[in-house]
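S.K.: pasting the sequence and the predicted coordinates here, then a few questions.
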Amino acid sequence: MSRILVKICGLSTDETMQAAVDAGADMVGLVFFPKSPRHVSLTDACRLADIARGQAEIVALTVDMDLAGLQRIAELVRPDMVQFHGSEPPEACAAAKVMLRTRVMKAIGVSERADLAKALPYLQVADRILFDAKPPQGSDVPGGHGVPFDWTILKDLDLPRPFMLSGGLDAGNVREAIEKSGATAVDVSSGVEREKGVKDSGLIRAFVAAVRGAGKRAEAVKEQSS
Ligand SMILES: O=C(O)c1ccccc1NCC(=O)[C@H](O)[C@H](O)COP(=O)(O)O
């Protein structure tokens, strides 16, 4: 198994952004969605992105944002990737990708196996698919709820694009999630927070260490069985 990618999402302070970078996170997410407790202003996002630039991929998370808003983020924050976490159709993702000249990740809300097929229309445009737990009913924030889904439905999924797993992960369950899903990339937000929207540097370090440990264990198991 190659190295498992880790994304820490919803960072909003310099200290926790630095902690994520120092811990070896591969991707760091900035949330541009005012209803989220992790929302960052453009000014803060520029400063936070500069902490990570060149060391971790900067992911700008947006929800059904118009092209003008996306363009402002692209120009000022200069993300490596835009994460579409709303109900953006594939054509909108494609148009944004061309205009912004960034890589694109499309989030698909999952609660059962049948939901996985919703990724299919995005395979031509998305560089990566994020399978995230569906939000609780009635919520107007489509992610970051700390809720898991049945990881086993991803096992042996044959997609022509890489995927990332998220939803309710933390340092205590991420190894099991990786083993059960076969995911080679994981994303966390609530699981590295001491309270809703407040990231914790120690929890970030523990999460990244748990993922690295899971990767090494998978390698060892593979070697033993070959
Ligand atoms: O995190 C948010 O507040 C958020 C708001 C609006 C859309 C998406 C959002 N988060 C998406 C993510 O990529 C989270 O990391 C993912 O949902 C996992 O969250 P969690 O279950 O809390 O680890």
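M.R.: Yep, that arrived. Numbering: from 1, shown residues only.
S.K.: so where's the chain uncertain?
M.R.: 1, 215-222, 225-226 (pLDDT under 70).
S.K.: and the strands in it?
M.R.: Per DSSP state E, the chain carries strands over the ranges 5-8, 27-32, 57-62, 81-84, 103-110, 128-133, 163-166, 185-188, 193-195, 198-199.
S.K.: can you count the residues close to the residue lying closest to Asp140 once chain neighbours are set aside?
M.R.: Leaving aside its chain neighbours, Asp140 sits nearest to Lys35 (6.0 Å; criterion: CB to CB, 6 or more residues apart in numbering). (Each C-beta comes from the backbone N, C-alpha and C, glycine too.) The number of residues packed near Lys35 is 11, by other CB atoms under 10 Å.
S.K.: again, but for Val104
M.R.: Using other CB under 10 Å: Val104 sits among 19 other residues.
S.K.: does it really touch Asp80, like I thought?
M.R.: No. In this structure Val104 lies outside contact range of Asp80 using CB atoms under 8 Å: 10.7 Å.
S.K.: show me the contacts for the residue nearest to the spatial centre of the chain.
M.R.: The chain has Asp187 as the residue nearest its centroid, 4.2 Å off, counting by CA atoms, centre = their mean. Residues near Asp187 by CB atoms under 8 Å, 6 or more residues apart in numbering: Val6, Lys7, Ile8, Cys9, Met27, Gly29, Leu130, Asp132, Met164, Leu165, Ser166, Leu169.
S.K.: could you check how far Gln55 is from Met27?
M.R.: Distance from Gln55 to Met27, counting by CB to CB, to the nearest Å: 11 Å.
S.K.: likewise for Glu195?
M.R.: Counting by CB to CB - Glu195 and Met27 are separated by 23 Å.
S.K.: these two: who's more crowded?
M.R.: Met27 (23 against 9).
S.K.: which non-adjacent residue is nearest the more buried one?
M.R.: Lys7 (3.7 Å).
S.K.: what does Phe32 give?
M.R.: Ranked by CB to CB, 6+ apart and with sequence neighbours excluded, the top spatial neighbour of Phe32 is Thr62, at 5.2 Å.
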